[in-house]
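Novice: predicted model and sequence below, questions to follow.
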Amino acid sequence: MLTIKTRFAPSPTGDLHIGGLRTALYNYLFAKKNNGKFVLRIEDTDRARFKKGSVETILTGLKWVGIKTDGKIIYQSLRTDIYKKYAEQLIVKNKAYYCFCSAEILNKIREEQIKNGNPAKYDRRCLKLSKKEIEEKIKNNDPYVVRLIIPDGKTKFKDLIREEVEFNNREIDDQVLLKSDGYPTYHLANVVDDHKMKISHVIRAEEWLSSTPKHIILYEYFGWKPPKFAHIPMVLASDKSKLSKRHGATGVLEFKKQGYLPEAIINFLAFLGWNPGDSREIFSMQELIKEFSIEKVQKGGAIFNIEKLNWINGQYIRKLNIDKLTKLCISYFEKKKSLHSSLFIKQIVALEQNRLKKLSDIAEFSDFFFKNKLEYDKDLLKWKNMNNEELKNILEKISDIFSEIPENDFTKEKLEPILKSEAVKIGDNGKVFWPLRVALSGKKASPGPMEIAEILGKEKSVERVKSALEKIK
RNA sequence: GCCGCCAUCGUCUAGUGGUAGGACAAGAGGUUUUCAUCCUCUAAACAGGGGUUCAAUUCCCCUUGGCGGUACCA
């Protein structure tokens, strides 16, 4: 029986991209669903684009969302000898050749091809070099690359998501396998490593679909059995272009910072191109592993819809117990707020729980609890067409009632009946609740006044009602 | 330019040879004040043209559109 093994092979050129995370997730889900292994390979063969700290970011990101890798992490930059050996093997077998052409020459050839309506390919002029010429150039320290010889014919392969895919080899360029700096290109390193690591399924983004024939040819040349391929659709921005930094946050850790829960990110990402076939939408990682199937993965690209993510995140936030949520929210309050008792913070968090889309919302939603003086327009205190006299009357009554309630009994339950009876007299609850709510929060949208008053306590509540009265004087 | 992939509400998608269901977002209403939650309802899609067929959103072809590739980047 075939042992399932997948890999996530990011290049360390920056933050772990949200699209990359989805690729990792699909690989992980597929492997775990089939009792297989999931490994991480760092494709750091481009020294120019390498960004320090990226590997750490990738590891932190994966760990945060709960994707565990099996075995040791492979670094391609540490394996250049291996790739070189295989490149040389191909040269010996006449399946690859040295090329000394400069970038200028290459560009010229390409332009010429495009002008004539042909695919932009290298013209193989270095293939004609004699052994002697090659030895001479190498001895001269002329920079060179090693190119793959693409044979005539067609290359066909079966993609797990797209079925049969076929390319005419005349469209395929003689791919550079070894760069002049001695490092391999993706194509060589990728094939060698996937084989050496016994990767059974290559699940990667669609952008690799058109270079898969090169990989197939490489497998054939080496006499290796190719893995199964699955090219998953791309994650797009709302303008349907490839999701990138100019569209806002794309780094996984940025989402963390904004207050998205890892469970929500995973749930959302899984559904960007996959669904269980029924209307269920909230899935834990374990449930995803159980239900995932590569055949149900969508073919077309999916737009990253932040609204839906927000909704899912809200769902998860609402399911959290208060202690856990409070802990997660703490860092979003300003520092000085840590001076307040944790009970105070906990009460606020509980009050705002079903209003949060992201954890970071807590700061803005609850800022009025921490202010000494609220800034708001006095007209905001008026409910509908209420006149000044009426407003003043109501606030005075509230002030009186508040003052009479003992400090240690200043609870929602105690406050509610009193204000309700008063409201009944006036005939419209809003006439009491709205002005009080604004007096306590200074906002046109907030939790209910009773809840706020209870958390604020008697002293502050009375003070805020009084300062509202001051405002309308 | 050349090659490849793709095409159902605005978005994520289900679905079948006999005309489309869910979710997000939007709108309306309810849940004894606002916001949120929750509930109910409404609006919203098979890109176009040819075939095949009694019948096509579904199968085939073309067009169009989108995306990807076309690097000594991955």
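Specialist: Nice, I can see it.
Novice: pLDDT at the residue nearest to A:Asp428 when sequence neighbours are not counted, what is it?
Specialist: For A:Asp428, ignoring the flanking residues on the chain, the nearest one in space by C-beta to C-beta, 6 or more residues apart in numbering is A:Trp383 at 7.6 Å. Backbone N, C-alpha and C define where each C-beta goes, glycine included. If you check A:Trp383, the pLDDT there is 87.
Novice: is it true that A:Trp383 touches A:Lys431?
Specialist: Yes: between A:Trp383 and A:Lys431 a contact is recorded at 5.2 Å, counting by C-beta atoms under 8 Å.
Novice: which intervals of the stretch 351-473 of chain A have sub-threshold pLDDT?
Specialist: The model of the stretch 351-473 of chain A has pLDDT under 70 over residues A:422-425, A:427.
Novice: near RNA strand B, which residues of it?
Specialist: Residues of the stretch 351-473 of chain A found near RNA strand B (C-beta under 7 Å from any atom of the strand) are A:354-355, A:383, A:429-430, A:433-434, A:437, A:444-450.
Novice: so which of those sit within helices?
Specialist: Counted as lying in helices by DSSP state H, out of those, are A:Asn429, A:Gly430, A:Phe433, A:Trp434, A:Arg437, A:Pro449, A:Met450.
Novice: make a ChimeraX selection of the buried ones in the residues you listed.
Specialist: In ChimeraX, this line selects whichever of these come out buried by 16 or more other C-beta atoms under 10 Å:
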select /A:433,434,437,449,450
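Novice: can you give me the helices for the stretch 201-350 of chain A?
Specialist: For the stretch 201-350 of chain A, the helices defined by DSSP state H, counting those that start in this stretch cover A:212-222, A:252-258, A:262-270, A:285-291, A:306-319, A:322-329, A:342-352.
Novice: which one of those helices has the most crowded surroundings?
Specialist: helix A:262-270 (a mean of 22; mean count of other C-beta atoms under 10 Å).
Novice: so is that one next to RNA strand B?
Specialist: No: using C-beta under 7 Å from any atom of the strand, helix A:262-270 stays clear of RNA strand B, with a minimum separation of 8.6 Å.
Novice: tell me the mean pLDDT over that helix?
Specialist: On average, helix A:262-270 scores 98.
Novice: and the contacts of that helix?
Specialist: For helix A:262-270, the external contacting residues (C-beta atoms under 8 Å, 6 or more residues apart in numbering) are A:18, A:21-22, A:25, A:29, A:64-66, A:252, A:255-256, A:281-285, A:288, A:292, A:308-309, A:312-313, A:315-316.
Novice: what about 7 Å?
Specialist: Helix A:262-270 is contacted from outside by A:21-22, A:25, A:64-66, A:255, A:282-285, A:288, A:308-309, A:312-313, A:316, using C-beta atoms under 7 Å, 6 or more residues apart in numbering.
Novice: restrict the residues you listed to those near RNA strand B?
Specialist: Okay, of those touching RNA strand B (C-beta under 7 Å from any atom of the strand), that's A:Lys308.
Novice: show me the contacts for the residue nearest to A:Asp428.
Specialist: A:Trp383 neighbours (C-beta under 7 Å, 6+ apart): A:Gly430, A:Lys431, A:Trp434, A:Pro435.
Novice: and the two most separated of the residues of the stretch 351-473 of chain A next to RNA strand B?
Specialist: A:Asn354 and A:Trp383 (24.2 Å; C-beta to C-beta).
Novice: next, the angle helix A:306-319 makes with whichever strand or helix holds A:Leu25.
Specialist: Taking DSSP states H and E as the criterion, A:Leu25 maps to helix A:18-33. Here helix A:18-33 runs at 60 degrees with respect to helix A:306-319, directions being taken by axes from the mean of the first three to the mean of the last three C-alpha atoms, to 10 degrees.
Novice: CA-only coordinates of helix A:18-33 in CSV, if you can.
Specialist: Output of helix A:18-33 as CSV, limited to C-alpha atoms (Å, rounded to 0.1, in the frame of the first residue of the first chain):
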residue,chain,number,x,y,z
ILE,A,18,-2.4,33.5,3.7
GLY,A,19,-2.6,31.7,0.4
GLY,A,20,0.5,29.7,1.3
LEU,A,21,-1.1,28.8,4.5
ARG,A,22,-4.1,27.4,2.6
THR,A,23,-1.7,25.3,0.5
ALA,A,24,-0.1,24.0,3.7
LEU,A,25,-3.6,23.3,5.1
TYR,A,26,-4.7,21.3,2.1
ASN,A,27,-1.5,19.3,2.2
TYR,A,28,-1.9,18.7,5.9
LEU,A,29,-5.6,17.8,5.7
PHE,A,30,-5.0,15.4,2.9
ALA,A,31,-2.0,13.7,4.7
LYS,A,32,-3.8,13.4,8.0
LYS,A,33,-7.0,12.2,6.5
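Novice: do the helix or strand just after that helix and RNA strand B meet?
Specialist: As assigned by DSSP H and E, the chain's next helix or strand after helix A:18-33 is strand A:37-42. No: for strand A:37-42, no contact with RNA strand B is found by C-beta under 7 Å from any atom of the strand; the gap never falls below 8.7 Å.
Novice: and the contacts of strand A:37-42?
Specialist: A:5-10, A:12, A:27-28, A:31-32, A:55, A:69-71, A:73-76, A:193, A:197.
Novice: mind giving me the ChimeraX select for these, buried ones only?
Specialist: Here is the ChimeraX command that selects the buried residues among the contacts of strand A:37-42 (16+ other C-beta under 10 Å):
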select /A:5,6,7,8,9,10,12,27,28,31,32,55,69,74,76,193,197
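Novice: ok, which of the contacts of strand A:37-42 also contact RNA strand B?
Specialist: Near RNA strand B, judged by C-beta under 7 Å from any atom of the strand, the entries from those are A:Ala9, A:Pro10.
Novice: name the nearest residue to A:Lys158, sequence neighbours excluded.
Specialist: Excluding its sequence neighbours, the residue lying closest to A:Lys158 (C-beta to C-beta, 6+ apart) is A:Glu164, at 5.8 Å.
Novice: so that neighbour is in which element?
Specialist: strand A:163-168.
Novice: which of the residues in that strand are buried?
Specialist: A:Val165, A:Phe167.
Novice: what stretches of chain A score poorly on pLDDT?
Specialist: A:1, A:335-340, A:422-425, A:427.
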